[in-house]
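> fold the following for me, if possible:
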Amino acid sequence: MNSLTNQFQNQEMNQMSVNAQAAQSREMAEVQSQIFLAKQFPRNEVQAEIKILNACKRKKLAETALYQYPRGSTTVTGPSIRLAEAIAQYWGNISFGIKELEQKNGESTVVAYAWDMESNTRQEKIFQVKHERYAKGRMNKLTDPRDIYELVANNGARRLRACILGVIPGDIVDSALVQCQQTLQDSYSEPLKDRVVKVLRWFQTQYGITQEMVEAKLGHNVESFTEQDFITLSGINQSLKDGMAKREDFFNLKDSKKEEAPKTSLEQQFKEGEDDGNQQG
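Take a look at the predicted model:
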């Protein structure tokens, strides 16, 4: 009986080894094919840059293109994973992605990579993601495959962004950032004060960040907010959504108040405008 069991196990292991070798051979063939095509059809860098800048003129991309992250006494602003992916796609001949190598003992081993097939420049980051999520003051173990997948994807996005930016020329990235900022400044038809009130409401409902926290962060009250302040808040929001930073990285949460803050004159004006519009309708 034992000999039959051992024979079955050996056959199963041999089959797994054959399948692994076949998968590795297919992957190598695909890589060789991609490299061959990249050499046969090299990118036109001038046209690629034009395509990237044209993409950055789209409002939807520009709105998600920037992130901000506090580092010491300064604030770092850079391209988000969404912008990095768009740049890579239009730059061309780049293979990039996230792969889960293995999953065991309550954690995943993951690799994020970006490979310029034309110049043979490669960036790769291997990291571990524990199947845990901090919520409501405690660390919770994750067992749902969907929750684990989303956790791995969120952690992988930050590494993937760094990998992509590692193979794209820096001046191309800088030009894309400038164009996205210009797009945001030129594309809003809604008055600034209305947009400010909406973003304040969003921060309150989504992150529990009060108006007072935002004012303390920017150093002045909402009536004095400028277009640049609005872009700053948009960058902070993108950082929180992408998991690049946490609320406490930007705001002093100790000063939060449980009761609702009184409306400022700016919000009152916005509310009165809404009421007048409803009555006229």
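> any idea how far residue 120 is from residue 209?
In this structure, residue 209 and residue 120 are 45 Å apart, going by CB to CB, to the nearest Å. Where C-beta positions appear, they are placed from N, C-alpha and C, glycine not excepted.
> these two - which one has more neighbours?
residue 209 (23 against 10; other CB atoms under 10 Å).
> a strand runs through the more buried one, doesn't it?
No: according to DSSP: H, G, I helix; E, B strand; the rest coil, the state of residue 209 is coil, so it is not within a strand.
> how about it, phi and psi?
With angles defined as degrees, to the nearest 10, residue 209 shows backbone torsions of phi -100, psi 120.
> equivalent analysis for residue 137, please.
In terms of degrees, to the nearest 10, the main-chain angles of residue 137 are phi 80, psi 10.
> burial measure for residue 47, as a count.
The burial metric for residue 47, expressed as a neighbour count using other CB under 10 Å, is 11.
> and the pLDDT at it?
According to the predicted model, the pLDDT of residue 47 comes to 96.
> now it: how far from residue 182?
Distance of residue 47 to residue 182, computed by CB to CB: 21 Å.
> equivalent analysis for residue 175, please.
Distance from residue 175 to residue 182, counting by CB to CB: 11 Å.
> retrieve the pLDDT associated with residue 239.
The per-residue pLDDT reported for residue 239 equals 85.
> now it. Its backbone dihedrals?
Dihedral pair for residue 239: phi -60, psi -40, per degrees, to the nearest 10.
> for it, what are its contacts?
For residue 239, the contacting residues are 67, 68, 69, 80, 245, 250, taking CB atoms under 8 Å, 6 or more residues apart in numbering as the criterion.
> got phi/psi on the fourth one?
Put plainly, it is residue 80. For residue 80, the backbone dihedrals are phi -80, psi 170 (criterion: degrees, to the nearest 10).
> that one contacts residue 61, doesn't it?
No: at 9.8 Å, residue 80 does not count as touching residue 61 under the criterion of CB atoms under 8 Å.
> neighbour-wise, which of these two wins?
Remark: of residue 80 and residue 61, residue 80 carries more neighbours, 23 against 19, as counted by other CB under 10 Å.
> what's the farthest-apart pair in the contacts of residue 239?
Largest separation among these by CB to CB: 80 and 250, giving 15.7 Å.
> helix or strand for residue 48, which one?
Using DSSP states H and E, the secondary-structure element containing residue 48 is helix 45-55.
> how far is the helix or strand following that helix from where the chain is centred?
Later in the chain than helix 45-55, the nearest helix or strand by DSSP H and E is helix 59-63. Distance of helix 59-63 from the chain centroid (CA atoms, centre = their mean, to the nearest Å) equals 13 Å.
> now for the contacts of residue 239, which sits with the most neighbours around it?
Among the contacts of residue 239, the one with the most neighbours (other CB under 10 Å) is residue 67, at 26 neighbours.
> now the residue nearest to that residue when sequence neighbours are not counted: how far from residue 149?
Spatially, and ignoring its direct neighbours in sequence, residue 67 is nearest to residue 239 (4.2 Å; CB to CB, 6 or more residues apart in numbering). Plainly put, residue 239 is 22 Å away from residue 149 if you go by CB to CB.
> any buried residues in the helix or strand residue 157 falls within, and which?
When secondary structure is defined by DSSP H and E, residue 157 falls within helix 145-167. In terms of neighbour count (16 or more other CB atoms under 10 Å), helix 145-167 has its buried residues at 148, 151-152, 155-165, 167.
> so residue 204 makes contact with residue 210?
Yes: between residue 204 and residue 210 there is a contact under CB under 8 Å: 6.3 Å.
> more neighbours: which of these two?
Here residue 204 and residue 210 are compared on neighbour count by other CB under 10 Å; more neighbours surround residue 210, at 20 against 16.
> ramachandran angles for the more buried one?
Backbone torsions for residue 210, taken as degrees, to the nearest 10, come to phi -80, psi 170.
> try residue 252
Dihedral pair for residue 252: phi -90, psi 100, per degrees, to the nearest 10.
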